[in-house]
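*Asks:* what's the 3D shape of this:
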Amino acid sequence: MHLDDLLTDDAVLAELGHRIERLRLSRNISQAELARQAGVSRATIVRVENGKSVQMSTTVKLWRALDLLAAIDAALPERIESPIAALEREHLRRRHERQRATGRRPAGQRPADPATPLPVSGDTSRPFTWGDER
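*Replies:* Model (predicted):
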């Protein structure tokens, strides 16, 4: 049964109480032992398992005693990033990535002096054209 299928708060509390009871029993923990580990009274454990309302601090104590805080952390993350913010962050990351390589030079070879003309290759007997002249 999914919690969002339940129509009333009382129904949700009853289902959560049953789930806590099943978890406690699957771990072979008595109500008295869970109460001791959580720092609450046994009557509080009975109240929770019967689907009655308890204080939020009591709920946190129970989650901690049952090692459920990580699951709560996953269900209610500290920060929820919007899809737009994720795209902007990815765009910035890609913008700072290298776009081309400088190429490797053989050991001992220095970069060319910018004032030195580049060597010419190919046929130099005809003047250069861009290719769009008619």
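*Asks:* mind listing the strands for the chain?
*Replies:* Shown for the chain, no strands are assigned by DSSP state E.
*Asks:* show me where pLDDT drops low in it?
*Replies:* Across the chain, the ranges flagged by pLDDT under 70 are 105-124, 128, 134.
*Asks:* report how many residues lie close to D4.
*Replies:* For D4, the count of nearby residues is 7 (other CB atoms under 10 Å). (Each C-beta comes from the backbone N, C-alpha and C, glycine too.)
*Asks:* any idea how far A11 is from it?
*Replies:* According to CB to CB, to the nearest Å, D4 and A11 sit 11 Å apart.
*Asks:* again with E90
*Replies:* From E90 to A11 the distance is 42 Å (CB to CB).
*Asks:* higher neighbour count, these two?
*Replies:* Shown here are E90 and A11; by other CB under 10 Å, A11 has more neighbours (14 against 10).
*Asks:* V12 and L6 touch, don't they?
*Replies:* Yes. The pair V12 and L6 passes the contact test of CB atoms under 8 Å, sitting 5.0 Å apart.
*Asks:* residue contacts, the closest residue to S41 other than its chain neighbours?
*Replies:* Sequence neighbours aside, A35 is the residue nearest to S41 in space, at 5.9 Å (criterion: CB to CB, 6 or more residues apart in numbering). Going by CB atoms under 8 Å, 6 or more residues apart in numbering, A35 touches 41-42, 44-45.
*Asks:* closest one of these to G103?
*Replies:* Nearest to G103 out of the contacts of A35 is I45 (CB to CB; 70.7 Å).
*Asks:* count of neighbours near the closest residue to V60 other than its chain neighbours?
*Replies:* In this structure, V60 finds its nearest non-sequential neighbour in L69, 7.8 Å apart by CB to CB, 6+ apart. If you count neighbours by other CB under 10 Å, L69 ends up with 12.
*Asks:* who's in contact with the top helix by length along the chain?
*Replies:* In the chain, taking DSSP state H as the definition, the longest helix is helix 9-26. Helix 9-26 has contacts (CB under 8 Å, 6+ apart) with 1, 3, 6, 31, 34, 45, 48-53, 62, 66.
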